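Asker: What would the 3D arrangement of this be:
(one chain, ligands or ions: 1)
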Amino acid sequence: MTEQVPVLTIDGPGGAGKGTISGLMADRLNWHLLDSGALYRLTAQAAVRHQVALDDEAALAELAQTLDVAFPVDNGQPRTLLEGDDVSRVIRTEQAGERASQVASLPAVRQALLQRQRDFCQAPGLVADGRDMGTVVFPDATLKIFLTASADERARRRYQQLQEAGVDASLSSLLKEIQARDARDSQRAVAPLKPADDAVTLDTTRLSIPEVVDRLTELLAQRGLADGI
Ligand code: DC
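Answerer: Presented below is the predicted three-dimensional model:
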């Protein structure tokens, strides 16, 4: 019975820290982790691989439905496999994010990925990271968080991440891309990016990662869910 499994949803725009915070919370709680953005990135990657146009909604939905993916952990390092090939890095590029945003705007693709996402909800609990986790995928979640940060701060964080990974980038073009993707994700007709009515919004512009984790742990404790952490 999935209803009894506690779910923590963490939604918000790209670069607000959802990935980092979701991973840390899942580790801390010893819960499963759903990185729903990865499923959209993988669908877009499968489209490139099978030469499906990014506006062919029916073919993309079919790809999403039959996506052959796995998330193994090798020596503590999480990896993402598409049809057996390691695509962990390739799906993280700006171009892959842009393509993911395009396929994510198609209702049939979102529908095709819905059950796959719900299947991650297993005991002892789930941390679900995305845009519509609290509004559409897990409307009955125990705690819904909407993480935000200013666009400037998100561009700065992304820039730093890329620098650390040895990837060349320009801060001003990152800011433009973030603003364009925010606009597309929040204006689309289906499952637009917005906080659930019962979500707690947390602006992380001036918060450190440990401060955000502590705040979420406190909110879970208020719901009787942070025993022993
Ligand atoms: O979180 P991310 O950057 O990996 O997400 C990639 C794209 O997928 C992003 O443009 C928004 C979209 N997405 C979505 O529409 N719904 C989700 N639950 C997760 C991601």
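
Asker: how near is the most centrally placed residue in the chain to the ligand?
Answerer: Nearest residue to the geometric centre of the chain (C-alpha atoms, centre = their mean): Gly130, 3.3 Å. For Gly130, the distance to the ligand equals 3 Å [C-beta to the nearest ligand atom, to the nearest Å]. C-beta coordinates here come from the backbone N, C-alpha and C atoms, glycine included.

Asker: Equivalent analysis for Thr66, please.
Answerer: From Thr66 to the ligand the distance is 19 Å (C-beta to the nearest ligand atom).

Asker: sorry, back to before: setting aside sequence neighbours, what's the nearest residue to the residue nearest to the centre of the chain?
Answerer: Nearest non-adjacent residue to Gly130, counting by C-beta to C-beta, 6 or more residues apart in numbering: Ser36, 3.6 Å away.

Asker: what do you get for Leu174?
Answerer: Ala155 (4.5 Å).

Asker: Does the one you found touch Ser173 like I think?
Answerer: No: using C-beta atoms under 8 Å, Ala155 is not in contact with Ser173; the gap is 9.1 Å.

Asker: Quick check: the residue of this structure nearest the ligand.
Answerer: Residue nearest to the ligand within the chain (C-beta to the nearest ligand atom): Gly37, separated by 2.3 Å.

Asker: quick one: what helix or strand has that residue in it?
Answerer: Following DSSP states H and E, the helix or strand that holds Gly37 is helix 36-49.

Asker: tell me the strands in this structure, going along the chain?
Answerer: For the chain, applying DSSP state E gives strands covering 7-11, 32-35, 69-70, 73-74, 77-78, 81-82, 85-86, 126-130, 143-148, 200-203.

Asker: With mean pLDDT as extra columns, can I get the ones you listed in TSV?
Answerer: As requested, these are arranged in TSV below (pLDDT from 0 to 100):
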stretch	mean pLDDT
strand 7-11	97
strand 32-35	95
strand 69-70	94
strand 73-74	84
strand 77-78	84
strand 81-82	96
strand 85-86	96
strand 126-130	97
strand 143-148	96
strand 200-203	96
